[in-house]
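Peer 1: here you go, sequence then predicted model.
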Amino acid sequence: MLLSLHVKNLALIEEEEVSFGPGLNILSGETGAGKSILIGSINLALGGKAPRELMRKNAEYCLVELTFSAEQEHLVRKLEALEIFPEDGQVIMTRKIMKSGRSVCRINSETVSAALMRKVASLLIDIHGQHEHQSLLTKKNHMKYLDAYARKELGDRLQSLGSAYREYTECKKLLEEASLDREQQQRELSFLEFEIQEIEEAHLAVGEDEELEAEYRRLSNGRKILEAAAESRELIADGAENASDNISRAVRALLSISEYDEQISALSDQLQEIDSLLGDFNRDLASYIDDFEFSDDLFAEVEERLNLINRLKSKYGRTIEEILTQKADKEAEVQKLVHYDEYRRELEDNLNRSEEELKKLSAEVSGIRKTVAAVFTEEIRQALLSLNFKDVRIQMDFQRLDHYTANGWDDARFLISTNPGEPVKPLDSIASGGELSRIMLALKTVLAQNDEIETLIFDEIDSGISGRTAQMVAEKMKLTAADHQVICITHLPQIAAMADTHFLIEKTSDDSSTISQIRLLHREESIAELARMLGGVKITETVMESAREMKELADALG
């Protein structure tokens, strides 16, 4: 359940915090007061796009924070699968957007990606926007709704179907690529054998390139190395005033007085250690200089070997390991070409096997869909009857595609008749805007009854309806709110009267700014708001009485 919404510096909203309740939460207010901005802020917090114009003028950032309760075991398991762990039974989702356009998403104070925000949001809340009913006009969405309804019956078959389809397409692709004639096979075989021989003749050893590069570096700088080493030897051991002689004299000087002072004695010991280390160093340096080997032949040999390895790297891989892997891959390709007919038969067998599995799963999924579709459309029909469709029939029409997809071979769409005696026709060819809005409401309420998402948001779904239809929509909304938290923006007093919790969004202005504010209405204030929705500018006592009666009738419905 959505517990609270905190918004700061977003469009007309300076800073507001709203605490939602269970059941039906109604947001009302005059046109332009900022109702849709509030729903937009929720979309923003859930990982939606963040247009710069949404930020309040002169603000450095805008911020939206949603707090959800998340204590149901099934929900906690799904969240933990996404590595989201509720704290004290709550999930706090925060989105901060800077003036620069940079956006920071956090869940329980930990930074996450916008993609993860959207995944988590899909478990917590379902938002039906003002124009979402238009999605009913897109046929490909119809099967998505059916699959959402049938998720328990389908189990993991849709995932298995997707995997089987990917395997099938890969097998098909490999077989299509394996279409060389004899001449092409021979050319390819000769070229591969040449490349394999080229790598084999190099007798590569892993790591030798690094050793060769080090040796090349040493040999190419041999003159500098010897000159510097000789200069060091001169300064330390061979020169007229060398370090070794001077340190030896200093050792003798300190030894001669060490018996008179313990501190001098300790210093003398230190200097003797230095003298000993320097002696070892002199011997090692002399040995290095004597053993240093440089010859033009050796340098040419190292250079030639490095050039060979680098040429192979430019053709077959950035490292010796990659070159050897390429060699193994080419040897495998050679085996395919040598036994090409057997290879093709193996590919054909794999394709047939994968197609049989895909066919089996497609048939299973299609059968489940068709069985569940009858129940699904009957529930939608019952919901539509309660939304003032006098005589309505709805069904799903299934066609089999002439090819496979990741969803099987079904092509499905809703067919509907809203008038007695009329045949069922594609939904997009007969439904008006107001009818589409009610059909989407019926669809959402049916899905909600079979869904584990606790919070539903409806943003002005009441377009194009009034009178008795509006009353029936209101009653349906109230019924849905018995099992779910519903948050609804509405212009209709019939729906607003059903509120368990009623909020008013108001716009105020002064000479320097305009802001939207939201406040919780107590019962009498709610009745006054209903009167405004009923009567417009002039609210008479008769209108107030009508509003009070409307509220009492709504209360009687429970």
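Peer 2: Structure received. Predicted model only: the values in this text are computed from it and were never measured.
Peer 1: keeping just the C-alphas, turn whichever strand or helix holds residue 442 into PDB.
Peer 2: Per DSSP states H and E, residue 442 falls inside helix 433-449. Extracted in PDB, the C-alpha atoms of helix 433-449 (Å, rounded to 0.1, in the frame of the first residue of the first chain):
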ATOM      1  CA  GLY A 433     -14.000   7.300 -25.900                       C
ATOM      2  CA  GLY A 434     -16.400   7.000 -23.000                       C
ATOM      3  CA  GLU A 435     -17.000   3.300 -23.700                       C
ATOM      4  CA  LEU A 436     -13.200   2.600 -24.000                       C
ATOM      5  CA  SER A 437     -12.700   4.300 -20.600                       C
ATOM      6  CA  ARG A 438     -15.300   2.000 -19.000                       C
ATOM      7  CA  ILE A 439     -14.000  -1.100 -20.800                       C
ATOM      8  CA  MET A 440     -10.500  -0.300 -19.400                       C
ATOM      9  CA  LEU A 441     -11.900   0.100 -15.900                       C
ATOM     10  CA  ALA A 442     -13.700  -3.200 -16.200                       C
ATOM     11  CA  LEU A 443     -10.500  -4.800 -17.500                       C
ATOM     12  CA  LYS A 444      -8.400  -3.300 -14.700                       C
ATOM     13  CA  THR A 445     -10.800  -4.300 -12.000                       C
ATOM     14  CA  VAL A 446     -10.900  -7.900 -13.300                       C
ATOM     15  CA  LEU A 447      -7.200  -8.100 -13.500                       C
ATOM     16  CA  ALA A 448      -6.900  -6.500 -10.000                       C
ATOM     17  CA  GLN A 449      -9.000  -9.300  -8.500                       C
END
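Peer 1: what about the next helix or strand after it, distance to the chain center?
Peer 2: Going down the chain from helix 433-449, the next helix or strand is strand 455-459, by DSSP H and E. In terms of C-alpha atoms, centre = their mean, to the nearest Å, the centre of strand 455-459 is found 23 Å from the chain centre.
Peer 1: can you check stretch 23-41 too?
Peer 2: 29 Å.
Peer 1: buried residues in that stretch, which are they?
Peer 2: 23-29, 33-41 (16 or more other C-beta atoms under 10 Å). Every residue, glycine included, has its C-beta placed from N, CA and C.
Peer 1: and residue 401, its phi and psi?
Peer 2: With angles defined as degrees, to the nearest 10, residue 401 sits at phi -70, psi 160.
Peer 1: go on, residue 94?
Peer 2: phi -130, psi 140.
Peer 1: ok, so of the buried residues of stretch 23-41, who is nearest residue 188?
Peer 2: Looking at the buried residues of stretch 23-41 and their distance to residue 188, the nearest is residue 40, at 59.0 Å (C-beta to C-beta).
Peer 1: read off the pLDDT value for the closest one.
Peer 2: Looking at residue 40, its pLDDT reads 79.
Peer 1: swap in residue 133?
Peer 2: So, for residue 133, pLDDT stands at 58.
Peer 1: who's in contact with the nearest residue to residue 321 once chain neighbours are set aside?
Peer 2: Leaving aside its chain neighbours, residue 321 sits nearest to residue 206 (6.0 Å; criterion: C-beta to C-beta, 6 or more residues apart in numbering). Residue 206 makes contact with 320-321, 324, according to C-beta atoms under 8 Å, 6 or more residues apart in numbering.
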